[in-house]
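[1] Structure, please.
(4 chains)
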There are 2 protein chains.
Amino acid sequence: MPNINMKEQTISKYLKPIIRNYDQNPNKWFSTKFFAEKFNVHPSTVTEHFQSLSMLGLVEYKKYKGIKLTPHGIKQGQILMRKHRILEYFFSNELGLTCEEACKEASKIDIYISEKIIDKICTKLEHPRVCPCGHNIFHY
Amino acid sequence: MPNINMKEQTISKYLKPIIRNYDQNPNKWFSTKFFAEKFNVHPSTVTEHFQSLSMLGLVEYKKYKGIKLTPHGIKQGQILMRKHRILEYFFSNELGLTCEEACKEASKIDIYISEKIIDKICTKLEHPRVCPCGHNIFHY
DNA sequence: TATAAATTTTTGGTCAGACCAAAATTTCCA
DNA sequence: TGGAAATTTTGGTCTGACCAAAAATTTATA
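    Now for the predicted structure:
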């Protein structure tokens, strides 16, 4: 049964892959199967999460079709992805990690770090425009 | 019943207050009551956690007396506290946060960030010896 | 275009791990 | 040394992620 109390970790797991290439494909619907395979869980689990994400106003959910970010979901996804990419930039350009390492390390903390810290780092690094792997970094 | 599978978050909750002033008081025993009041949970919950921490080899647990860190617990605590203080230093000295803010922000990510990143930041900051609140930063 | 295959949803569960409450035990100290 | 305070034991609850089978829907194909 769908639960309004999803963990931040679980929410982010869904938001990230959707927002990652959002620029390229803003109108794509994501299927149950897609996430079930990606996360190696049963489809019924994904359906539940879809319903929860929808109740949180983060996605539009159409039965048998899948999910798509709402404006609120886009916003939350962008905030998250910005954190991730600023961290990636910092880890690779300032601390000397490889792209891949930087991404892995960023993933460990991006959902926990505050926007305030990210903004300060961003300013200190003079507002980089792309992360080391070449993806855009959003600036509001 | 005690559970060997404690969450990292729960472990850290106990390790932190003990290691925080470890230098001043290395032989102190910490009581059930102390943590029950600190975390606002029932004493029976704390007893359970004491047993779990003990099974993990992080503390010595004496019934009706309390807990005390083992060498392994000290090591883990120091690793955690080093992460915390390096982050505090970075947030206050490089990003301009107040001591208090720096501590709060560090607490959000210190248990998730890797030692590798902390070591890199530490090198970049030229191995600071004390955090902004004046506590020692361990170097191994 | 009917029907078989693939996908998704519904329903009714399990399980981990933090937590609680009452009763039993132990310790402390007046 | 006996009662109060602290702790432990025992037997629970609850949340949130997850599963499995059956029902419903969509898609593909003959």
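[2] doesn't A:Ile137 make contact with A:Asp23?
    No. Using CB atoms under 8 Å, A:Asp23 is not in contact with A:Ile137, being 11.9 Å away. Using the backbone N, CA and C atoms, a C-beta is placed for each residue, glycine as well.
[3] residue closest to the middle of chain A?
    In chain A, the centroid-proximal residue (CA atoms, centre = their mean) is A:Lys16; its distance is 2.3 Å.
[4] Please identify the helix or strand for that residue.
    Secondary-structure assignment from DSSP states H and E places A:Lys16 in helix A:8-20.
[5] How about A:Ile118?
    Here A:Ile118 is assigned to helix A:115-124, by DSSP H and E.
[6] Which residues does that helix contact?
    For helix A:115-124, contacts defined as CB atoms under 8 Å, 6 or more residues apart in numbering or on different chains pick out A:79, A:82-83, A:86-87, A:90, A:128, A:139, B:91, B:94-97, B:105.
[7] In strands only, show me those.
    Per DSSP state E, strands hold no members of the contacts of helix A:115-124.
[8] What about DNA strand D: which of those touch it?
    Among the contacts of helix A:115-124, not one lies near DNA strand D by CB under 7 Å from any atom of the strand.
[9] Same list (these) but as CSV, adding neighbour count and pLDDT.
    Converted to CSV, the contacts of helix A:115-124 look like this (neighbours: other CB atoms under 10 Å in any protein chain shown; pLDDT from 0 to 100):
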residue, neighbour count, pLDDT
A:Ile79, 17, 97
A:Arg82, 22, 97
A:Lys83, 23, 97
A:Ile86, 24, 97
A:Leu87, 24, 98
A:Phe90, 24, 98
A:Pro128, 17, 95
A:His139, 9, 77
B:Phe91, 25, 98
B:Glu94, 14, 97
B:Leu95, 17, 98
B:Gly96, 12, 97
B:Leu97, 21, 97
B:Glu105, 23, 97
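[10] Show me which pair in those is furthest apart.
    A:Ile79 and B:Glu94 (22.5 Å; CB to CB).
[11] And the longest helix seen in chain A, what does it pack against?
    Secondary structure of chain A per DSSP state H: the longest helix is helix A:71-89. Applying 3 or more CB pairs under 8 Å, 6 or more residues apart in numbering or on different chains; DSSP states H and E, one finds that helix A:71-89 makes contact with helix A:8-20, helix A:99-109, helix A:115-124.
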